[in-house]
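Colleague: please work out how this folds:
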Amino acid sequence: SVFDVDNRAASRRATAYLAAAGHRHIATIAGAPDNIEARARLKGFREGLAAAGLPVDEDAVWTGGFRFENGVDAARLFLAMRKRPTAVFAAADDAAIGFIRTVRDASVRTPEDVSVVGFDDIDYASVIDPPLTTMRQPREELGRLAAEDLLARMGRDTPQFPPRSARLRCEL
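Modeller: Purely as a prediction, here's the structure:
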């Protein structure tokens, strides 16, 4: 059984949100290229730009991972750019927070100088200043579905229990 979120659609919506706010040069802090969620989120980012009629700046597609340190690394690349993006979609909140913290230390303000949208809605997203706009994963619903599936399987004598799947929507 597989219970997950529609990473691609959520990333497309996050990117569309930034484009609708007037941003024309949008970067992304993508996860590791070998991570299936990161690939889906990057694809959604690219689709969101295409739907808005915006080009992808490959110099502003920063891969690496979902951790705080990956956001720090992306911020250093951002700070070195001559023409900086005005918005960043981070494929994980941890990376978004690392980015925000690092650019803030260089006197770059969020959201005044660069807007940032994250992904996951971790607890720290609401306490960072300013609070992080993020794609909220329905973690409780995912957990409930997985627990129900496990309990249903535990009561079966046969391994032929049909797998279930659900792809849930994220909320901005």
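
Colleague: only C-alpha atoms for contact and neighbour calcs from this point on.
Modeller: OK.

Colleague: for the residue nearest the centre of the chain, phi and psi?
Modeller: Centroid-nearest residue in the chain: Ala91, 2.6 Å away (criterion: C-alpha atoms, centre = their mean). Reported as degrees, to the nearest 10, the phi and psi values for Ala91 are phi -70, psi 0.

Colleague: which strand residues bridge Thr133?
Modeller: Here Thr133 sits in beta bridges with Val117, going by DSSP bridges.

Colleague: how many neighbours does it have?
Modeller: 19 (other C-alpha atoms under 10 Å).

Colleague: isn't it up against Tyr124?
Modeller: No. Using C-alpha atoms under 8 Å, Thr133 is not in contact with Tyr124, being 11.4 Å away.

Colleague: which parts of this protein are strands?
Modeller: Assigned by DSSP state E, the strands in the chain fall at 2-5, 26-29, 61-62, 87-90, 115-120, 133-136, 165-168.

Colleague: neighbouring contacts of the fourth one?
Modeller: Looking back up the chat, that one is strand 87-90. 14-15, 18, 23, 25-30, 45, 96, 114-119 (C-alpha atoms under 8 Å, 6 or more residues apart in numbering).

Colleague: partner strands of that strand and their direction?
Modeller: Going by DSSP bridges, the partners of strand 87-90 are strand 26-29 (parallel), strand 115-120 (parallel).
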